[in-house]
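Asks: quick check, what structure comes out for this input:
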Amino acid sequence: TGELPIVPSLDVVGIVIDLRFVAGQLLLVVGADTSVGRHTSLLGAVDGNPKAVLVKCVDRCHNLTNMAWGLSRERITRMILETEEYYPKLLDVLKSSIEYNDAAWLLKYQIESMLDIYKRLL
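Replies: Residues are numbered from 1 along each chain as shown. As a prediction, the model looks like this:
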């Protein structure tokens, strides 16, 4: 009902990542079953999978960089709070991986810098 795939599904090391437009919202669907109502918890799905965490953190970095262009103050505030709550845990997964440790520090710097800028402007 009103669900349109935005891009083809991306399989990141056995975890399907799918963008869908559902009921007026863009959703990141994570998990093998991408049907509506069967969305897997993001943190549970990517926990322990550094490559999937890297994709999610880079996506959040991109969203934070561009959110002032089209989001309301309320949505920006909500994204700031979500980022502060969930992303330190995801970055810890990256930091614990030798392969992605350097990326974790760069992403942490970028995410924290963007959050600081938005909080000062709001």
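
Asks: what count of nearby residues applies to residue 92?
Replies: 13 (other CB atoms under 10 Å). All C-beta spots, glycine's among them, are computed from the backbone N, C-alpha and C.

Asks: brain fart, residue 111
Replies: So residue 111, with other CB under 10 Å, has 21 neighbours.

Asks: once you drop chain neighbours, what's closest to residue 48?
Replies: Nearest residue to residue 48, sequence neighbours excluded (CB to CB, 6 or more residues apart in numbering): residue 93, at 6.7 Å.

Asks: tally of neighbours for the one you found?
Replies: Each residue near residue 93 was counted by other CB under 10 Å, and the total is 21.

Asks: check which helices and strands the helix or strand harbouring it sits against.
Replies: Taking DSSP states H and E as the definition, one finds residue 93 inside helix 73-95. On a contact count with 3 or more CB pairs under 8 Å, 6 or more residues apart in numbering; DSSP states H and E, helix 73-95 meets helix 42-46, helix 50-66, helix 101-121.

Asks: now for those helices, which one comes closest to residue 84?
Replies: Closest approach to residue 84 among the helices and strands packed on helix 73-95 (CB to CB): helix 101-121, 6.8 Å.

Asks: what angle sits between that closest one and helix 73-95?
Replies: 160 degrees (axes from the mean of the first three to the mean of the last three CA atoms, to 10 degrees).

Asks: buried sites along the helix holding residue 93?
Replies: Neighbour counts over helix 73-95 (16 or more other CB atoms under 10 Å) mark 76, 79, 80, 83, 87, 90, 91, 93, 94, 95 as buried.

Asks: adding distance to residue 72, write the helices and strands packed on helix 73-95 out as CSV.
Replies: Shown next, in CSV, are the helices and strands packed on helix 73-95 (distance: least, CB to CB, whole Å):
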stretch, distance to residue 72
helix 42-46, 23
helix 50-66, 14
helix 101-121, 13
